[in-house]
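Novice: Make a model of this:
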Amino acid sequence: MAYMGNKTRPTGGQRFGNKPGNRPFSSSRPPYRGGGNRGPQRGRGGFKASSFDPSRFINKTIVEEKVVEFIPTHTFADFAFDERIKANIAAKGYTHPTPIQDRAIPEVLTGADVVGIANTGTGKTATFLLPLIDKILKNRDEKVLVMVPTRELAVQIGDELRGFAPGLGIYHAICVGGASIGPQISQLRRKPNFVIGTPGRLKDLLERKALNLSTFKTVVLDEADRMLDMGFINDMRAILSLMPTPRHTLFFSATLSPEIEKLIGAFLHNPVRISVKTRESSASIEQDVVRVPRGTDKLTVLHDLLIQPGFDKVLIFGRTKHGVEKLSKTLTQKGFKSESIHGNKTQNGRQRALDLFKKDHVNVLVATDVAARGLDISGVSHVINYDLPSTHEDYIHRIGRTGRAGKRGKALTFIEG
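Specialist: So this is what the prediction gives:
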């Protein structure tokens, strides 16, 4: 094994959370298989082992560079929030907003459509939740739809909403695939202020007439580029067509491709554009590759890494559901505390695995793309890409799970041959 420092390995795109079936407004989209993977998207510039340039992702020598400190123009107390929201924010210990929050929250409060382009982990969720909570406190009839690509992100947004709105009488429903639809229908009967869901399950609920969007005048499209990559575009269009116009639309994405521009043109009206994209990868992440010579057992190489000092909390990316599950079970048999997250697991199973990893009850989490974006997991010491990424963008999102909150992180990418 030639271990050249630290580097990441992203995986193929994944679909999950939606069932196949006869869908009147999604016939052009391939049916979902209960959590399947799309596999490598070579047409989008995906990596191939033969053409992968390791030098592009090696930065063993971390140069301490002077970073211009962001100085916000507001504090949270400056925003025109209801005083109860300000009290809840203060109780969480927050005083100053992040760049995306500092620039976007005042625009959202005015009711403007907003396009926010920002890296993952920049505080996008609070950027839309806080002003929309304020909006509901001012008008209890207001209803908000939040559309996201993954079950885990939906649950995380729900958790943040609960944390920002204790005692305010604001309710939400989580509507995602991989979980029983019955309890979700029951939640919707309570007429929640926020409905947070994945496009496929929202579509199911609309077809069952359990969800009526005619009274929803605000919509948030979070991780819009990921939803596009996953083939949700027709469902997104169909769902938005059922909402009244004019509406208040907030659109968040990590990238701004021609396809994303088309979505913005179709979904938003004269939006305010705010971009706080930073460098592709953080200087706090050491990246390198792990060479696996031909004929060498890849699993043995992984084992020898995981037993080294410092591999305290490791997120491993694999490409397929079957491969991820098999690898996790093998690591458990070898004595590691390991769990897995992939599309074949139920929502409860995935959430349990994620919670065990977050609370350090297990120190190895093996995952498909589902863990690459949006999830805030503190203290990840290493990201290991056991399989090659589909795209450079996937790579960047995966390594972003480590080196967070001012801590150092390491990212390793396995290269075979």
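Novice: what's E142 in contact with, if anything?
Specialist: Counting by Cβ atoms under 8 Å, 6 or more residues apart in numbering, E142 makes contact with 135-136, 193, 217-218. All C-beta atoms are positioned from the backbone trio N, CA, C, and that covers glycine.
Novice: What pLDDT is listed against it?
Specialist: If you check E142, the pLDDT there is 96.
Novice: Kindly report the same for R373.
Specialist: 66.
Novice: Quick check: phi and psi at A238.
Specialist: As for A238, its main-chain torsions (degrees, to the nearest 10) stand at phi -70, psi -40.
Novice: wait, isn't it in contact with K203?
Specialist: Yes - shown here, A238 and K203 form a contact pair, counting by Cβ atoms under 8 Å, at 7.0 Å.
Novice: dump the residue contacts of the residue lying closest to D141 once chain neighbours are set aside.
Specialist: Nearest residue to D141, sequence neighbours excluded (Cβ to Cβ, 6 or more residues apart in numbering): T215, at 7.5 Å. T215 makes contact with 141, 143, 244, according to Cβ under 8 Å, 6+ apart.
Novice: which one of those has the most neighbours?
Specialist: The most crowded member of the contacts of T215 is K143, carrying 21 neighbours; neighbours defined as other Cβ atoms under 10 Å.
Novice: Quick check: it touching N212?
Specialist: No - with contacts counted by Cβ under 8 Å, K143 stays clear of N212, the gap being 9.7 Å.
Novice: so what sits against both of the two?
Specialist: If you check K143 and N212 against Cβ under 8 Å, 6+ apart, no residue is contacted by both.
Novice: ok, and for the helix or strand L188 falls within, which residues are buried?
Specialist: Following DSSP states H and E, one finds L188 within helix 181-189. By neighbour count on 16 or more other Cβ atoms under 10 Å, the buried set for helix 181-189 is 181, 184-185, 187-188.
Novice: In terms of secondary structure, what does that helix contact?
Specialist: strand 172-175, helix 199-207 (3 or more Cβ pairs under 8 Å, 6 or more residues apart in numbering; DSSP states H and E).
Novice: Please repeat the previous calculation with a cut-off of 6 Å.
Specialist: Packing partners of helix 181-189 (3 or more Cβ pairs under 6 Å, 6 or more residues apart in numbering; DSSP states H and E): strand 172-175.
Novice: Direction included, what does the strand it packs on pair up with?
Specialist: Counting by DSSP bridges, the strands paired with strand 172-175 are strand 194-197 (parallel).
Novice: what are the C-alpha coordinates of the partner strand, in CSV please?
Specialist: What follows is strand 194-197, C-alpha atoms only, in CSV (Å, rounded to 0.1, in the frame of the first residue of the first chain):
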residue,chain,number,x,y,z
PHE,A,194,-44.2,23.5,7.5
VAL,A,195,-44.2,20.4,5.2
ILE,A,196,-40.7,19.1,4.6
GLY,A,197,-40.3,16.3,2.1
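Novice: avg pLDDT for it?
Specialist: pLDDT averaged over strand 194-197 gives 98.
Novice: Make JSON lines out of the buried residues of helix 181-189 and add pLDDT and distance to P99.
Specialist: Converted to JSON lines, the buried residues of helix 181-189 look like this (pLDDT from 0 to 100; distance: Cβ to Cβ, whole Å):
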{"residue": "I181", "pLDDT": "95", "distance to P99": "39"}
{"residue": "Q184", "pLDDT": "97", "distance to P99": "35"}
{"residue": "I185", "pLDDT": "97", "distance to P99": "39"}
{"residue": "Q187", "pLDDT": "96", "distance to P99": "34"}
{"residue": "L188", "pLDDT": "97", "distance to P99": "35"}
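Novice: Comparing A238 and K203, which shows the higher neighbour count?
Specialist: Each of A238 and K203 has its neighbours counted (other Cβ under 10 Å); K203 has more, 25 against 17.
Novice: In terms of helices and strands, where is the nearest residue to the more buried one once chain neighbours are set aside?
Specialist: In this structure, K203 finds its nearest non-sequential neighbour in D235, 5.2 Å apart by Cβ to Cβ, 6+ apart. Per DSSP H and E: D235 is located in helix 233-241.
Novice: So which elements touch the next helix or strand after that helix?
Specialist: Note on helix 233-241: by DSSP H and E, the next helix or strand toward the C-terminus is strand 248-253. If you count contacts as 3+ Cβ pairs under 6 Å, 6+ apart, strand 248-253 packs onto strand 114-117, strand 218-221, helix 224-229.
Novice: domains of the protein?
Specialist: In terms of domains, the chain is parsed into 2-65+283-416, 76-275 (source: automatic domain parsing).
Novice: worst average pLDDT in the ones you listed?
Specialist: Per-stretch averages of pLDDT across those put domain 2-65+283-416 at the bottom, with a mean of 72.
Novice: Out of the contacts of T215, which comes closest to L153?
Specialist: K143 (20.1 Å; Cβ to Cβ).
Novice: For that closest one, which residues are in contact?
Specialist: K143 is in contact with 215-216, counting by Cβ atoms under 6 Å, 6 or more residues apart in numbering.
Novice: If we use 8 Å, what do you get?
Specialist: 191-195, 215-218.
Novice: swap in H322?
Specialist: Contacts of H322 (Cβ under 8 Å, 6+ apart): none.
Novice: how much space between it and K329?
Specialist: 11 Å (Cβ to Cβ, to the nearest Å).
Novice: F128 looks like it's in a helix, true?
Specialist: Yes - F128: assigned to a helix according to DSSP: H, G, I helix; E, B strand; the rest coil.
Novice: So what's the residue count around it?
Specialist: For F128, using other Cβ under 10 Å, the count is 26.
Novice: In this structure it contacts V108, no?
Specialist: Yes - using Cβ under 8 Å, F128 is in contact with V108, at 6.4 Å.
Novice: so what sits against both of those two?
Specialist: In contact with both F128 and V108: L250, using Cβ under 8 Å, 6+ apart.
Novice: Need phi/psi at the residue in the chain sticking out farthest from the centre.
Specialist: Within the chain, G295 marks the point farthest from the mean C-alpha position, 36.0 Å out by Cα atoms, centre = their mean. In terms of degrees, to the nearest 10, the main-chain angles of G295 are phi 90, psi -10.
Novice: now A411
Specialist: phi -130, psi 130.
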